[in-house]
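# my questions are about this predicted structure, shown below with the sequence.
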Amino acid sequence: MAPIILAQDLSKTYRSGKLAVTALRKVSFAIDPGEFVAIVGPSGSGKSTLFYILGGLTHATSGSVCIDGVDFATLDDAERTKMRRAKIGFVFQRFNLLPTLSAMGNIEIAHDIANLGSPKKEIDRPLLDQLTHMLSIDGRLDHRPNELSGGEQQRVAIARALITRPAIVLADEPTGNLDTKNSDAVLGMLRKSSRDLKQTVLMITHNLEAAQIADRILHMRDGEITQIEKGRG
Ligand SMILES: Nc1ncnc2c1ncn2[C@@H]1O[C@H](COP(=O)(O)OP(=O)(O)OP(=O)(O)O)[C@@H](O)[C@H]1O
């Protein structure tokens, strides 16, 4: 099976004037389609840097990233943006929903953005129904983010990430702002999306216990992967 994410010798050095901070040092790994992988590590170990590079939001200093067989380095900025919209769904710690749109509007706009520049395509209604039901937000779709709990907002953000059937969902501390109950629900949904929808999920977290829900756990320290552990899955 060809990997959906292939990272080879990724290094990143941030420079400002004479100062240089190396955040990643020759990081390599491969992730299979449908796998749920957690990346854990202490603050400053390079997790967010890796997230931004895999999401095509910043460049590596050296090394390569292939997403679904396409090497980022072969794309110009416009092509990379297009690929990011089509292939990657993002879930952030702060939910990042648009405050003036309803939950439904937030999900629909992700579909519209992913299809920008392509012939108009209707939203996938059966998938929308499945996701909103799975995430127990079907009764909340008319509400704006400020009328939803943190857990509900994050579940809307997950529906928004999954509605485009991205090759990968990248989640950066998705439970960082949630209490235990909502955190368990969100982790459960990410687990379910990998198991039932065959969705590849890469989740960054500080929380070693949360990481156990993954199939595999990559431990980072000082910009390197120091250990690969099997999760409970
Ligand atoms: N824009 C930047 N300019 C300079 N140094 C940076 C920049 N971004 C990150 N760093 C440095 O790179 C290293 C890795 O940071 P990174 O944010 O990737 O770690 P992290 O594991 O995500 O940390 P946290 O869990 O605290 O978010 C740190 O030493 C950090 O100070």
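In hand now; what should we look at?
# all contacts plus neighbour counts: C-alpha atoms, from now on.
Noted.
# could you pull out the helices for the protein?
Secondary structure of the chain, counting by DSSP state H: helices at 47-54, 77-87, 103-114, 125-134, 150-162, 180-196, 208-211.
# if I look at L98, how far off is the ligand?
23 Å (CA to the nearest ligand atom, to the nearest Å).
# then R221?
From R221 to the ligand the distance is 8 Å (CA to the nearest ligand atom).
# same check on Q212?
Taking CA to the nearest ligand atom, one finds Q212 at 18 Å from the ligand.
# for the nearest residue to that residue once chain neighbours are set aside, phi and psi?
Of all residues not flanking Q212 in the chain, G231 sits nearest, at 4.8 Å (CA to CA, 6 or more residues apart in numbering). With angles defined as degrees, to the nearest 10, G231 shows backbone torsions of phi -90, psi -180.
# who's in contact with G231?
A211, Q212, I213, A214, D215, R216, I217 (CA atoms under 8 Å, 6 or more residues apart in numbering).
# which one of those residues is nearest to R15?
I217 (29.7 Å; CA to CA).
# you'd agree that closest one is up against A38?
Yes: the pair I217 and A38 passes the contact test of CA atoms under 8 Å, sitting 4.8 Å apart.
# shared neighbours, the two?
Common neighbours of I217 and A38 (CA under 8 Å, 6+ apart) are A211.
# can I get the contacts of G231 in a markdown table with pLDDT and neighbour count?
Below are the contacts of G231 laid out as a markdown table (pLDDT from 0 to 100; neighbours: other CA atoms under 10 Å):
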| residue | pLDDT | neighbour count |
| --- | --- | --- |
| A211 | 95 | 24 |
| Q212 | 95 | 17 |
| I213 | 95 | 21 |
| A214 | 97 | 24 |
| D215 | 97 | 19 |
| R216 | 97 | 21 |
| I217 | 97 | 25 |
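# take those residues and write them to TSV, including distance to A86.
TSV is the format used below for those (distance: CA to CA, whole Å):
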residue	distance to A86
A211	26
Q212	29
I213	26
A214	24
D215	25
R216	25
I217	26
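# inside strands: which ones of these?
R216, I217 (DSSP state E).
# which of the contacts of G231 lies closest to L178?
A211 (15.2 Å).
# what's the spacing between the closest one and P174?
Counting by CA to CA, to the nearest Å, the gap from A211 to P174 is 11 Å.
# tell me what the residue nearest the centre of the chain is bridged to.
Compute the mean C-alpha point of the chain, and by CA atoms, centre = their mean the closest residue is L170, 1.1 Å away. Under DSSP bridges, the beta-bridge partners of L170 are F90, L202.
# kindly report the same for R216.
V37, K230.
# and the helices of the chain, which is most packed in?
helix 150-162 (a mean of 25; mean count of other CA atoms under 10 Å).
# ok and that helix relative to helix 180-196, angle-wise?
20 degrees (axes from the mean of the first three to the mean of the last three CA atoms, to 10 degrees).
# surely S102 and L141 touch.
Yes: shown here, S102 and L141 form a contact pair, counting by CA under 8 Å, at 6.5 Å.
# give me the distance between V37 and the ligand.
The separation that V37 has from the ligand, given CA to the nearest ligand atom, amounts to 16 Å.
# mind listing residues that contact stretch 195-208?
4, 32-43, 47-48, 51, 165-174, 176, 190, 193-194, 211.
# that stretch and the ligand, are they touching?
No: if you take CA under 6 Å from any ligand atom as the test, stretch 195-208 misses the ligand, and the best it gets is 6.5 Å.
# span of that stretch from start to end?
21 Å.
# swap in stretch 203-222?
Stretch 203-222: ends 19 Å apart by CA to CA.
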